[in-house]
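J.: coordinates only, sequence not included:
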């Protein structure tokens, strides 16, 4: 599951999977055991996680949430020792360990809680998100669509030859049986 398919809705807790767009909005499904669906209309503020980032003091103005999640996974794995109910000091220490140059004036306590809750939710319901190889490795390791089509074309003559071979074998086996039947 890619972060472009996961959304946060303003005024609602939790994360939502984007199912499909409608004329007036988008259909969302909650990422939890209940799998409740609803339509977020044009008045509802929906933010895709792919578009969210954390403000920093460094050269770059912000770090994309996807990079932050990758850093958390590299450092802590799928389970982290803080939660949304941790103390403010614990949350600050956690965020500082992952993004040392985060902007302390622009990144609020509520943002830190969301970061922890979102990472926990995604690692619980989509653990393959962090264990799957990155997209750059994917393209070099997996064949492209054109390569797959070429392999399929190459396989067709092989399959045809195998069928012909099987038919020849059946004919050869049928001849001795026919001779044995004539003798009897």
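T.: Alright, I've got the coordinates. Quantities reported herein were computed from a predicted structural model and do not represent experimental measurements.

J.: domain assignment for the protein?
T.: Listed by automatic domain parsing, the domain ranges of the chain are 3-48, 53-137, 154-183.

J.: quick one, strands of the chain?
T.: Assigned by DSSP state E, the strands in the chain fall at 6-9, 15-21, 25-30, 37-41, 46-48, 53-55, 62-64.

J.: OK, contacts around the closest residue to residue 17 other than its chain neighbours?
T.: Closest residue to residue 17 apart from its sequence neighbours, by C-beta to C-beta, 6 or more residues apart in numbering: residue 29 at 4.8 Å. To be clear about C-beta, it is placed using only N, CA and C from the backbone, and glycine gets the same treatment. Listed by C-beta atoms under 8 Å, 6 or more residues apart in numbering, the contact set of residue 29 reads 16, 17, 19, 35, 36, 37.

J.: Which among these count as buried?
T.: Buried by 16 or more other C-beta atoms under 10 Å: 16, 17, out of the contacts of residue 29.

J.: want to throw the contacts of residue 29 into a markdown table with pLDDT and distance to residue 7?
T.: Formatted as a markdown table, the contacts of residue 29 follow (pLDDT from 0 to 100; distance: C-beta to C-beta, whole Å):
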| residue | pLDDT | distance to residue 7 |
| --- | --- | --- |
| 16 | 91 | 5 |
| 17 | 91 | 8 |
| 19 | 91 | 10 |
| 35 | 88 | 15 |
| 36 | 88 | 14 |
| 37 | 89 | 13 |
